[in-house]
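Q: here is the input, now give the coordinates:
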Amino acid sequence: MGAGWELGAAAGRSLLLCAALLLAGCALGLRLDRGRGAADRGVLAWLCYDALVHFALEGPFVYLSFVGNIADSKGLIASLWKEYGKADARWLYFDPTIVSLEILTVVLDGSLALVLIYAIVKEKYYRHFIQITLCVCELYGGWMTFFPDWLMGSPNLNTDSWLYFGVYLVFFNSVWVLIPGLLLWQSWVELKKMFYKGTSSGKKFQ
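A: Residues are numbered from 1 along each chain as shown. So this is what the prediction gives:
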């Protein structure tokens, strides 16, 4: 019972921290909304959450990986990554592929999320260029995180536990596939509208 309680407590703390970041992201997104449509409200909430995860969770992971490793680190953020490391052991020690991807994620994806927030709020012309770039980067990160391990038979992934496999690996990571995919579709639709609008406007002056 003691070991099971410790497992539950660690998982509970990790999930609560993720939920707190989600609430903070939604609150920030709604604060930046200023009367926009439901779609952009949702996008802003997601981007704020995305940026918080990159800077507040993955940033410390990169730092702790360079000064030592997650397995030997202490603190709230380290405990979260130790818990996730029960699902994917590569996060506990210095894995060059994971750390390289996380550096790219923190620096590039986090910065692009902030630029995209600004572009939406200020209605900049480059909004969908940044949105497409960010989504492709997110999808690339997910692919390179898991596909090399899958090719080797998933030796580092814990697929025996519903919590570690179903929640940590499948659910949490699929969010960063589903939402970027939806945002890519949104950009496709909006760019298509802009193209036809520009084409029809040009014909009027011919």
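Q: I'd like the distance between residue 46 and residue 130.
A: When Cβ to Cβ, to the nearest Å is applied, the distance between residue 46 and residue 130 equals 14 Å. Quick note: C-beta positions are derived from backbone N, CA and C, even for glycine.
Q: and for residue 89?
A: Distance from residue 89 to residue 130, by Cβ to Cβ: 35 Å.
Q: low pLDDT regions in the chain?
A: Residues of the chain that meet the criterion pLDDT under 70 lie in 1-8, 200-206.
Q: tell me where it has helices.
A: 2-31, 38-52, 59-67, 76-85, 96-104, 110-121, 127-151, 172-204 (DSSP state H).
Q: hmm, who's touching the third one?
A: Contact partners of helix 59-67, identified using Cβ atoms under 8 Å, 6 or more residues apart in numbering, comprise 70, 73, 77, 78, 81, 91, 94, 99, 102, 103, 106, 110.
Q: what's the burial count for the first one?
A: So the one you mean is residue 70. For residue 70, the tally of surrounding residues (other Cβ atoms under 10 Å) stands at 21.
Q: could you report the neighbour count for the nearest residue to it once chain neighbours are set aside?
A: Nearest residue to residue 70 in three dimensions, chain neighbours excluded: residue 81, at 4.6 Å (Cβ to Cβ, 6 or more residues apart in numbering). Look at residue 81: counted by other Cβ under 10 Å, it has 22 neighbours.
Q: which ones are touching residue 115?
A: If you count contacts by Cβ under 8 Å, 6+ apart, residue 115 has them with residue 130.
Q: all further residue positions should be reported with the first residue as 196.
A: Yep, numbering from 196; the last one is residue 310 now.
Q: so who does residue 237 touch?
A: Residues in contact with residue 237, defined by Cβ under 8 Å, 6+ apart, are residue 224.
Q: next, find the distance separating it from residue 382.
A: From residue 237 across to residue 382, the span is 14 Å (Cβ to Cβ).
Q: that older thread, got a quick ChimeraX command for the buried subset of the contacts of helix 254-262?
A: When burial is assessed using 16 or more other Cβ atoms under 10 Å, the buried subset of the contacts of helix 254-262 is captured in ChimeraX by this command:
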select :265,268,272,273,276,286,294,297,298,301,305
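Q: nearest to residue 330 among the contacts of helix 254-262?
A: Among the contacts of helix 254-262, residue 305 lies closest to residue 330 (Cβ to Cβ), at 14.2 Å.
Q: that closest one contacts residue 251, correct?
A: No. Residue 305 is not in contact with residue 251 according to Cβ atoms under 8 Å; the separation is 9.7 Å.
Q: between those two, what contacts are shared?
A: Here residue 305 and residue 251 have no joint contacts, going by Cβ under 8 Å, 6+ apart.
Q: distance of the closest residue to residue 352 other than its chain neighbours relative to residue 320?
A: In space, residue 352 comes closest to residue 283 once its chain neighbours are excluded; the distance is 5.7 Å by Cβ to Cβ, 6+ apart. Separation of residue 283 from residue 320 (Cβ to Cβ): 40 Å.
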